[in-house]
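Student: sequence unknown, structure follows:
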């Protein structure tokens with residue numbers, strides 16, 4: 001599957017069973033493909049995509065953002081932005097790496113792929129890069145074990 005920047009995707013169940021990380025958000029709630037994930041190509045390894053879960057629980061995450069800003073002066077792990085005409089929360093704290101073999105299909109509404117505005121894409125890329133850099137400095141902001149998942153993905157041919 002060709003993965004394009006600016007789109008969101010659904011992930012195959014096989015990924016979740018292969019990775020077996022309890023901190024990953026569960027796939028397919030109530031028989032639907034949920035959540036869907038915004039894909040950002042890794043800056044160094046073009047075979048890896050960072051998947052950022054998209055949540056409609058905006059009010060919940062606005063409160064978390066406010067708490068983080070009050071405590072730390074900023075919040076790099078959650079971004080509120082418009083997706084498919086609605087406000088959504090992009091959960092960088094729940095992001096993880098994946099190879100395209102695990103992607104099921106692009107997220108569509110009435111058969112049309114939904115894109116993210118370029119300004120939001122830039123903010124998501126910037127904050128993901130920041131959170132990855134902080135992880136490399138020993139600051140744990142990801143809920144998932146991204147190092148273990150990266151190792152698994154890099155073993156795939």
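Tutor: Thanks, I have the structure now. Everything quoted here is computed from the prediction, not taken from an experiment.

Student: biggest helix in this protein, by residue count?
Tutor: Criterion DSSP state H: the longest helix present in the chain is helix 118-136.

Student: elements contacting it?
Tutor: strand 36-41, strand 48-55, strand 78-83 (3 or more C-beta pairs under 8 Å, 6 or more residues apart in numbering; DSSP states H and E). Any C-beta I mention is one placed from the backbone N, CA and C, and that applies to glycine too.

Student: nearest to residue 137, of those?
Tutor: strand 48-55 (17.9 Å; C-beta to C-beta).

Student: Could you check how far the closest one is from the centre of its chain?
Tutor: 2 Å (C-alpha atoms, centre = their mean, to the nearest Å).

Student: Contacts only, for residue 65.
Tutor: 75, 78, 80 (C-beta atoms under 8 Å, 6 or more residues apart in numbering).

Student: Tell me how many other residues crowd the second one.
Tutor: By other C-beta atoms under 10 Å, 20 other residues sit near residue 78.

Student: per-residue confidence averaged over stretch 8-15?
Tutor: Average pLDDT, stretch 8-15: 88.

Student: For it, buried residues please.
Tutor: Buried positions in stretch 8-15, judged by neighbour count with 16 or more other C-beta atoms under 10 Å: 8-12, 15.

Student: What part of the chain, helix or strand, is modelled with the least confidence?
Tutor: strand 108-109 (a mean of 78; mean pLDDT, DSSP states H and E).

Student: Partner strands of that one and their direction?
Tutor: strand 112-113 (antiparallel) (DSSP bridges).

Student: Off-centre distance for the longest helix of the chain?
Tutor: 11 Å.

Student: Now do that helix and strand 48-55, the angle between them.
Tutor: With axes from the mean of the first three to the mean of the last three C-alpha atoms, to 10 degrees as the basis, helix 118-136 and strand 48-55 are set at 110 degrees to each other.

Student: which ones are touching the most centrally placed residue in the chain?
Tutor: Nearest residue to the geometric centre of the chain (C-alpha atoms, centre = their mean): residue 52, 0.7 Å. Residues in contact with residue 52 (C-beta under 8 Å, 6+ apart) are 37-40, 90-92, 94-95, 124, 128.

Student: so where's this protein uncertain?
Tutor: The model of the chain has pLDDT under 70 over residues 26-34.
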